[in-house]
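Colleague: Whatever this is, show me its structure:
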Amino acid sequence: MEKEDQITGALVSMLADKLSGIRIERIEIKTKAFSLKEEMETKADLGVLLNVKLPEYRLSKVFIAQAKICKCERGFAFSFSDGNITSFLLDQCSK
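Modeller: Numbers count the residues shown, from 1 in each chain. This is a model prediction of the structure:
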């Protein structure tokens, strides 16, 4: 579990690094790795928040993701149709 948390943290850090410099008028993008308590409540590991604050328009959207371990065989590229989704990832999501 510790390695999975490190990978999620690294992903959030990379998202924050790449997205933090993007500014379009009054659009703000934030990323967050959820704490264990937040993960238990949301069933997600991380979130990306988009806030749009214009004088005539306001909108907030969030993308949440639950990272799952992929049991990919060495030497094979991962695809969503290789059996990982139905045999392993969906099973993890139901836990």
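
Colleague: How about the contacts made by Val12?
Modeller: Taking C-beta atoms under 8 Å, 6 or more residues apart in numbering as the criterion, Val12 is in contact with 31-33, 46. Bear in mind the C-beta positions are built from the backbone N, C-alpha and C, glycine included.

Colleague: Reformat the residues you listed as a markdown table; add neighbour count, distance to Ala65 and secondary structure.
Modeller: Below are those laid out as a markdown table (neighbours: other C-beta atoms under 10 Å; distance: C-beta to C-beta, whole Å; DSSP: H, G, I helix; E, B strand; the rest coil):
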| residue | neighbour count | distance to Ala65 | secondary structure |
| --- | --- | --- | --- |
| Thr31 | 19 | 10 | strand |
| Lys32 | 17 | 11 | strand |
| Ala33 | 19 | 10 | strand |
| Leu46 | 21 | 5 | strand |
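
Colleague: Which pair in those residues has the greatest spatial separation?
Modeller: The most widely separated members of the contacts of Val12, counting by C-beta to C-beta, are Thr31 and Ala33 (7.8 Å).

Colleague: Against which helices or strands is the helix or strand harbouring Glu39 packed?
Modeller: Using DSSP states H and E, Glu39 falls within helix 36-42. On a contact count with 3 or more C-beta pairs under 8 Å, 6 or more residues apart in numbering; DSSP states H and E, helix 36-42 meets no helix or strand.

Colleague: for it, which positions count as buried?
Modeller: By 16 or more other C-beta atoms under 10 Å, the buried positions in helix 36-42 come out as 38-39.

Colleague: Isn't Lys32 up against Thr42?
Modeller: No - Lys32 is beyond contact range of Thr42, at 10.6 Å (criterion: C-beta atoms under 8 Å).

Colleague: can you list the weak-confidence ranges in this protein?
Modeller: Scanning the chain for pLDDT under 70 picks out the ranges 1-2, 20-22, 68-95.

Colleague: how about the helices in the chain?
Modeller: Secondary structure of the chain by DSSP state H: the helices cover 2-19, 36-42, 84, 90-93.

Colleague: hmm, back to that, return every residue with contacts to both of Thr31 and Ala33.
Modeller: Listed as contacting both Thr31 and Ala33 by C-beta under 8 Å, 6+ apart are 12, 46.
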